[in-house]
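Enquirer: give me the fold of what follows.
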Amino acid sequence: MTKLWLYLGSSTFDAADARSLLAGGALLLNDACRRAPNLGGYLIGRDMLAFPDNVPFGPTEAAAYRNGTDRALDMFNRYPVKLSARMGCNEPGVKTLEVARLQGAFEAGAGDVCWRKGEDYVGGNWAYGNPELDGDPTHAAIVVEWLRAYRKWSPRSKFIIGYHGYRRARDDALALADATWLERRPFDWWKPAILAAGLAMPDVTMTEGGLDAGPVKNNGYRDQLGSERYAAYLRALPALVPEATAFCLFVYSGTADWASFDYSDDAVVKAAIRETNKKGETPMPETWDRAKVWAGYKARLDAFPAFDKYQAFHPELGGWIDAAEYDVGPYRLRGAAGGLIWARIGDWGNVRHATYLNGLPLD
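Expert: Alright, predicted model coming up:
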């Protein structure tokens, strides 16, 4: 089931309270990244300095790729903590196919840096209404060009499409009518075009979600919707977009500028998040010592063969289709339903995978 994740907007958050709300992951902004060791789950880091909004990608795809590499290295230097993924561009204004290709190359450079450092990359992250192309209200043509350029320059990195899918309307009927344009556009509009172009559909995460009523003062849920109606919307969101991996709800512990969005002290909204994330899960018995259970499982997992351990953390690869591993030159491989898992023999701490569509980057 798709989970409601936190969007941690500052480094001042209450770690104990945040952990009580986490259900698989969170997005951490700027200095919140430094507190990643205090959390668990799948953590996405975003750095506004390394990847400013509407960054100029470069005059050519090759230059854009180099610029993306430099920007990602800048982020790793600023936040040298272990994360699950790093997020690049945020709400880039992309209105032509040429700029889409430049963005794809730029993000491929950033994605390759993340891949080499053992992290995933989250690309795209367009605001609602973007990317825009005259004559194409679905925005699908730009997404296809962006993805094609990304895979051209980075055939090997593990990446996720990010997008902003805020509800805009305060009226419930209007909000439902807008769902295809807002919350569901990656699946109703982009996915058919991506598959028709012969490309694989990546995983998709809503990197910003919640309520944003648009260009009005105090446009967050506190002023525009209220806690009870917002909580009802959050409970319904996973069923509205079941294909998404997660929704990063903006914002938990934000700055004063985002007070209208901040739910860190809203008991009603936090109760809805906990309730929604627990659906479909069987809680551990209260008599268990949870710390010992997880420590014991981790010790067992650490003893797994390298490929089995890697597959356990990449459920999107599915089950094994090869009963055994096999060698190709200095590499060892094993086939799963969703791709080949591989590593240089002896380098078992650096296991990778590649989809069957994109092939193996053996060098």
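Enquirer: and the residue nearest the centre of the chain?
Expert: For the chain, the residue sitting closest to the mean C-alpha position, by CA atoms, centre = their mean, is T205 at 4.5 Å.
Enquirer: for that one, what are its contacts?
Expert: By CB atoms under 8 Å, 6 or more residues apart in numbering, T205 lies in contact with I44, V122, I160, I161, G162, A244, T245, A246, F247, C248. Quick note: C-beta positions are derived from backbone N, CA and C, even for glycine.
Enquirer: nearest to T96, of those?
Expert: I161 (19.6 Å; CB to CB).
Enquirer: quick one: the closest one and K191 touch, right?
Expert: No - I161 lies out of contact with K191 (CB atoms under 8 Å); the separation is 9.8 Å.
Enquirer: about what we covered before: what helix or strand is the residue nearest to the centre of the chain on?
Expert: Taking DSSP states H and E as the criterion, T205 maps to strand 204-209.
Enquirer: kindly report the same for F106.
Expert: F106 belongs to helix 97-116 when assigned by DSSP H and E.
Enquirer: quick one: average confidence on that helix?
Expert: Summarised as a single mean, pLDDT over helix 97-116 is 95.
Enquirer: list the contacts of the helix or strand just after that helix.
Expert: Where DSSP H and E defines the elements, the next helix or strand beyond helix 97-116 is strand 120-126. Contacts with strand 120-126, where a contact means CB under 8 Å, 6+ apart, come from 44, 84-92, 94, 107, 110-111, 114-115, 139, 143, 146, 150, 157-164, 205, 207-208.
Enquirer: take the residues you listed and keep only those in helices.
Expert: For the contacts of strand 120-126, the ones inside helices are E107, A110, G111, C114, W115, V143, W146, Y150, with DSSP state H as the criterion.
Enquirer: residues contacting the last one?
Expert: What it means is Y150. With contact taken as CB under 8 Å, 6+ apart, Y150 is in contact with G104, A105, E107, A108, G111, G123, F159.
Enquirer: what of the first one?
Expert: Residues in contact with E107, defined by CB under 8 Å, 6+ apart, are G68, G88, C89, Y121, G123, G124, W146, Y150, F159.
Enquirer: surely A179 and L240 touch.
Expert: Yes - between A179 and L240 there is a contact at 6.2 Å, judged by CB under 8 Å.
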